[in-house]
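>>> A predicted structure for the sequence below; I have some questions about it.
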Amino acid sequence: MSAVRVAIAGSSGSIGTQTLEVIRAEAGAYEVVALAVGSSADTVIAQAREVRPEVVVVTDPDRRREVADALPGIDVTDDLTALIGPADVVVNGVVGFAGLPVTVATLAAGKRLALANKESLIAAGPVVQPLRATPGAELVPVDSEHCAVHQCLRSSVDQGREVARVVLTASGGPFRGRSAADLATVTVDEALAHPTWSMGPKISVDSSTLMNKGLEVIEAHELFGTPYDRIEVVVHPQSIVHSMVEFTDGSTIAQLSLPDMRLPIGYALGHPHRISTSFGRIDWAQLSRLDFEPPDTATFRCLTLAYEAGRTGGSAPAWLSAANEVAVDAFLLGRIRWNQIPDVCVGTLQVHDGAVPTTIEEVIAADADARSAAERVLEELPT
Ligand code: MG
């Protein structure tokens, strides 16, 4: 069998580097044909010298030249969609809304999309959904919860009729069990210290606010077509049960594994087969308990905000996701406090225009409008 040709968008980030670890472990099964980064020139040069891709994308024009000079014989471009051509599977590990062109172009090209970039699906659902019908196109989630649901759903032959509930698990993040008053003064380092998962800064902050789980509720609705009143969130601090599906007969199927993103990455690369490498096994003699509790939505307001935006539909999820990106950036830069992240999202959604985007240009415009609105909200926040 010839090697599966893989393109990695966001190759310098947490998902990108772990994708390369999976590919190294599955020696010979995969060939990296394209890498894409924003501005991480040194990292992508080192990666390209190892895997010798056909194409390297550097979207930052100031860094592209230096990468091109370091990699003679490799096509170095600033066009993000250039990485799709040579690939069978595209891993989208870009952070935030910037991942949208990769999602759209991969599905439109009729290829498999291993999607770690949830923001593109959340912001552009009405535009992305029809592209999933492109012949050959396939969307396999790399988000651990959705990878779990994807696996659980394989135990049903009539998902439209048989799924009663999708239950997404949440670790609860670093601030689980703490009160709103207690969280008013948390630092960036505290927000980035996730108890169970190793992830990049944006998603780590989102996990600390539960916005990540909220966005995952919208993502589950978009991926699996599950109505919002059948998607529930339960806090499970051990991060061993990665999500569950309850069926109409009362059976619940869950997926369990150690918390390691290399499993969902390998699942998406290998689908419908399983890869041969295991990145750790559960020690049942040591795992004495699995705990579950309801989320504290009074303290972690972002979860409720996401349900509201999802139910509103149209461009509301795009506005929420954009407002959150602006707020998280502001928090990471020390411009706002952690507990002001939901305030920025609430204030931005208050001026949401109710539009329903039908084209990629309208999605991009909605994102830009939401960012401007969020910036105005930021400037008016009490210090
Ligand atoms: Mg997740």
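Everything's here; your move.

>>> pLDDT wise, what is A3 at?
The model reports A3 with a pLDDT of 96.

>>> How about A180?
The model reports A180 with a pLDDT of 88.

>>> these two touch, right, it and D296?
No: distance between A180 and D296: 9.0 Å, which falls outside the contact criterion (CB atoms under 8 Å). The way it works is simple: take the backbone N, C-alpha and C, and place the C-beta from them, glycine included.

>>> more neighbours, the two?
The residue with more neighbours, out of A180 and D296, is D296; 18 against 13, by other CB atoms under 10 Å.

>>> Number of residues surrounding whatever residue of the stretch 101-250 of the chain ends up closest to the ion?
Residue nearest to the ion within the stretch 101-250 of the chain (CB to the ion): D143, separated by 4.2 Å. D143: 28 surrounding residues under other CB under 10 Å.

>>> At which residues are the strands of the stretch 151-300 of the chain located?
Using DSSP state E, counting those that start in this stretch, the strands found in the stretch 151-300 of the chain span residues 163-170, 231-235, 241-247, 252-256.

>>> and those strands as TSV, adding distance to the ion and mean neighbour count?
Formatted as TSV, the entries for these read as follows, by distance: least, CB to the ion, whole Å; neighbours: other CB atoms under 10 Å:
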stretch	distance to the ion	mean neighbour count
strand 163-170	8	22
strand 231-235	11	20
strand 241-247	8	22
strand 252-256	13	17
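
>>> In TSV: those, plus mean pLDDT.
As requested, the strands of the stretch 151-300 of the chain are exported to TSV (pLDDT from 0 to 100):
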stretch	mean pLDDT
strand 163-170	98
strand 231-235	98
strand 241-247	98
strand 252-256	98
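
>>> which regions of the stretch 51-200 of the chain lie under the pLDDT threshold?
Within the stretch 51-200 of the chain, no stretch has pLDDT under 70.

>>> Give me the neighbour count for F224.
By other CB under 10 Å, the burial measure for F224, its neighbour count, is 18.

>>> My read is that it contacts G160, right?
No: under the criterion of CB under 8 Å, F224 lies out of contact with G160, with a separation of 10.1 Å.

>>> Next up, the contacts around V76.
If a contact means CB atoms under 8 Å, 6 or more residues apart in numbering, then V76 has 55-58, 64, 67-68 as its contacts.

>>> just how off-centre is the helix or strand harbouring it within its chain?
Following DSSP states H and E, the helix or strand that holds V76 is strand 75-77. Averaging C-alpha positions (CA atoms, centre = their mean, to the nearest Å) puts strand 75-77 26 Å from its chain's average.

>>> what's the answer for stretch 188-199, then?
Its chain's C-alpha centre and that of stretch 188-199 lie 16 Å apart, by CA atoms, centre = their mean.

>>> start the count at 421, not 1, going forward
Fine by me, first position is 421 from now on; the one you just mentioned is stretch 608-619.

>>> so what are the domain limits for this protein?
Residue ranges of the domains in the chain are recorded as 424-561, 733-803, according to automatic domain parsing.

>>> Is there contact, residue-wise, from the longest one to the ion?
So that's domain 424-561. No: for domain 424-561 and the ion, the contact criterion (CB under 5 Å from the ion) is not met; the two come no nearer than 7.7 Å.

>>> and that domain, how far from the chain's centre?
Relative to the chain's own centre, domain 424-561 is displaced by 14 Å; criterion: CA atoms, centre = their mean.

>>> Averaged pLDDT, the longest helix seen in the chain. What do you get?
Among the elements of type helix in the chain, defined by DSSP state H, the one spanning the most residues is helix 780-800. Averaged over helix 780-800, pLDDT sits at 96.

>>> Separate out the buried members of the contacts of V496.
475-478, 484, 487 (16 or more other CB atoms under 10 Å).

>>> any idea how far the nearest residue to the residue of the stretch 521-670 of the chain closest to the ion once chain neighbours are set aside lies from A568?
Leaving aside its chain neighbours, D563 sits nearest to K538 (5.8 Å; criterion: CB to CB, 6 or more residues apart in numbering). Here the distance between K538 and A568 works out to 14 Å (CB to CB, to the nearest Å).

>>> could you pull out the helices for the stretch 571-720 of the chain?
Along the stretch 571-720 of the chain, counting by DSSP state H, counting those that start in this stretch, helices occupy 579-582, 608-612, 621-629, 631-644, 682-690.

>>> Going by neighbour count, list what's buried in the second one.
Meaning helix 608-612. Neighbour counts using 16+ other CB under 10 Å place 611-612 of helix 608-612 among the buried residues.

>>> Put the alpha carbons of stretch 634-648 into PDB.
Coordinates of each C-alpha in stretch 634-648 appear next as PDB, following Å, rounded to 0.1, in the frame of the first residue of the first chain:
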ATOM      1  CA  GLY A 634     -19.200  26.000  24.600                       C
ATOM      2  CA  LEU A 635     -17.600  26.100  21.100                       C
ATOM      3  CA  GLU A 636     -17.500  22.300  21.200                       C
ATOM      4  CA  VAL A 637     -21.200  22.200  21.700                       C
ATOM      5  CA  ILE A 638     -21.700  24.200  18.500                       C
ATOM      6  CA  GLU A 639     -19.100  22.100  16.800                       C
ATOM      7  CA  ALA A 640     -21.000  18.900  17.800                       C
ATOM      8  CA  HIS A 641     -24.200  20.400  16.400                       C
ATOM      9  CA  GLU A 642     -22.500  21.200  13.100                       C
ATOM     10  CA  LEU A 643     -20.600  17.900  12.800                       C
ATOM     11  CA  PHE A 644     -23.300  15.500  13.800                       C
ATOM     12  CA  GLY A 645     -26.500  17.500  13.200                       C
ATOM     13  CA  THR A 646     -27.500  16.900  16.900                       C
ATOM     14  CA  PRO A 647     -30.100  19.400  18.100                       C
ATOM     15  CA  TYR A 648     -28.900  21.600  20.900                       C
END
